[in-house]
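K.L.:
sharing a sequence plus its predicted fold:
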Amino acid sequence: MSRRSRLSRGPALAGILLASLASAQPDLDSSWPHYGNDPGGARYSAAAQIDRTNVDRLQVAWTFRTGALGQSPALDRKAAFEATPILVEGKLFLSTPYNHAIALDPRTGVKLWEYDAALDRSHGYSEVTSRGVSAWRDPAAGAGPCRTRIFMGTLDARLIALDADTGAPCAGFGAGGQVDLTRGVDLRDLGNYQMTSAPAVSGDVVVVGSSIGDNRAVDVERGIVRGFDARSGALRWTLGPDSLGEPDDSTDRRRQCLVDPLGRRGARPRLRPHRQREPRLLGRHPQG
């Protein structure tokens, strides 16, 4: 199969704009820096260039095809393009179902760089998708590499940090730019513990959750939320059903106390005991 035909089968991202605005200067204040635009995920934008008076004149400005499909027919049947691109510092960042991170020029659709996470496609995965990437600008960094970082989780449970300008891995983050998320989760089945959502960033902490394949067994991987240092990739904290009040061990399986998203140690949460209610049958008394 030729590269041209393979690309035509891959997921596509289309850029849409008004023909009358195609030559207009871009709004420098326009951005979509998070998965849901603002940190709270409201998905609201104050951009006012397109409104109800001109939306009917929208036209396709460019189309970019990721080339994600065509290499693994069995996995392709499950693959889904679900990424919400983010717009940061004049670049459009997205991820593919097989964990390629891509940066585009938002005005032309021209690819600026592409990073391949080298996902092993020789075995199955519970899900084959990536819902996006996250960006973080280091306020303490100078003009060197990785001043702005792009974070991406992978189907084989890695957290990767990339230079937003070049797509190169950030060498000081974890081991060669990535952190192994399978550590400390009691991995049972390869491909069933994943990171499919865009990481969240709070302060200088990258927060990741757990995507766990179901209907396999009673004792599966730990469903935990973890915070990692955005610069070094060091584990800051772990939160999960089994992380309350138990001492740490060498595998970081347990965390002795909880912390807030910024890594500050705080009081334990107050847990309400579950009340067992008597079952009631609701209905109406028969008349007569």
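P.N.:
Great, that's in hand. Just so you know, these numbers come straight off a predicted model, no measurement behind them.
K.L.:
helices along this structure, start to end?
P.N.:
3-9, 73-76 (DSSP state H).
K.L.:
pick out the shakiest of these, pLDDT-wise.
P.N.:
Lowest mean pLDDT within the helices of the chain: helix 3-9, at a mean of 41.
K.L.:
without its sequence neighbours, what residue ends up closest to the residue positioned nearest the centre of the chain?
P.N.:
Geometric centre of the chain, nearest residue: residue 198, 1.2 Å, by CA atoms, centre = their mean. Using CB to CB, 6 or more residues apart in numbering and skipping residues adjacent in sequence, the residue nearest residue 198 is residue 132, 3.7 Å away. From N, CA and C alone the C-beta is placed, and that goes for glycine too.
K.L.:
surely the one you found meets residue 86?
P.N.:
Yes. Taking CB atoms under 8 Å as the definition, residue 132 is a contact partner of residue 86 at 6.7 Å.
K.L.:
ok, back up a step: contacting residues around the residue nearest to residue 198?
P.N.:
For residue 132, the contacting residues are 35, 83, 84, 85, 86, 94, 95, 197, 198, by CB atoms under 8 Å, 6 or more residues apart in numbering.
K.L.:
what sits against the fourth one?
P.N.:
For residue 85, the contact set (CB under 8 Å, 6+ apart) comprises 13, 32, 92, 93, 94, 104, 132.
K.L.:
check what pLDDT the last one gets.
P.N.:
Put plainly, it is residue 132. 97.
K.L.:
rewinding a little: most neighbours, which of the contacts of residue 132?
P.N.:
In terms of neighbours by other CB atoms under 10 Å, the contacts of residue 132 top out with residue 95 at 29 neighbours.
K.L.:
from residue 211, how far off is the closest residue to it other than its chain neighbours?
P.N.:
In this structure, residue 95 finds its nearest non-sequential neighbour in residue 130, 4.1 Å apart by CB to CB, 6+ apart. Distance of residue 130 to residue 211, computed by CB to CB, to the nearest Å: 11 Å.
K.L.:
looking at those two now, which is surrounded by more residues?
P.N.:
A side-by-side neighbour count of residue 130 and residue 211, using other CB under 10 Å, places residue 130 first with 30 against 21.
K.L.:
shouldn't the more buried one be in contact with residue 97?
P.N.:
Yes. Assessed by CB under 8 Å, residue 130 is found in contact with residue 97 at 5.9 Å.
K.L.:
which residues do those two both contact?
P.N.:
Common contact partners of residue 130 and residue 97 (CB under 8 Å, 6+ apart): residue 82.
K.L.:
let me see the ranges of the strands in the stretch 101-250 of the chain.
P.N.:
According to DSSP state E, counting those that start in this stretch, the stretch 101-250 of the chain carries its strands in the segments 111-116, 128-130, 134-137, 148-153, 158-163, 178-180, 193-194, 200-202, 205-208, 211-212, 225-229, 235-239.
K.L.:
can you list those strands in a markdown table and add distance to residue 65?
P.N.:
Shown next, in a markdown table, are the strands of the stretch 101-250 of the chain (distance: least, CB to CB, whole Å):
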| stretch | distance to residue 65 |
| --- | --- |
| strand 111-116 | 10 |
| strand 128-130 | 16 |
| strand 134-137 | 23 |
| strand 148-153 | 20 |
| strand 158-163 | 21 |
| strand 178-180 | 27 |
| strand 193-194 | 24 |
| strand 200-202 | 29 |
| strand 205-208 | 29 |
| strand 211-212 | 26 |
| strand 225-229 | 33 |
| strand 235-239 | 37 |
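K.L.:
weakest of those in terms of mean pLDDT?
P.N.:
For the strands of the stretch 101-250 of the chain, where the average pLDDT is lowest is strand 211-212, sitting at a mean of 84.
K.L.:
show me what that strand is packed up against.
P.N.:
strand 193-194 (3 or more CB pairs under 8 Å, 6 or more residues apart in numbering; DSSP states H and E).
K.L.:
partners of the strand it packs on, with directions?
P.N.:
strand 211-212 (antiparallel) (DSSP bridges).
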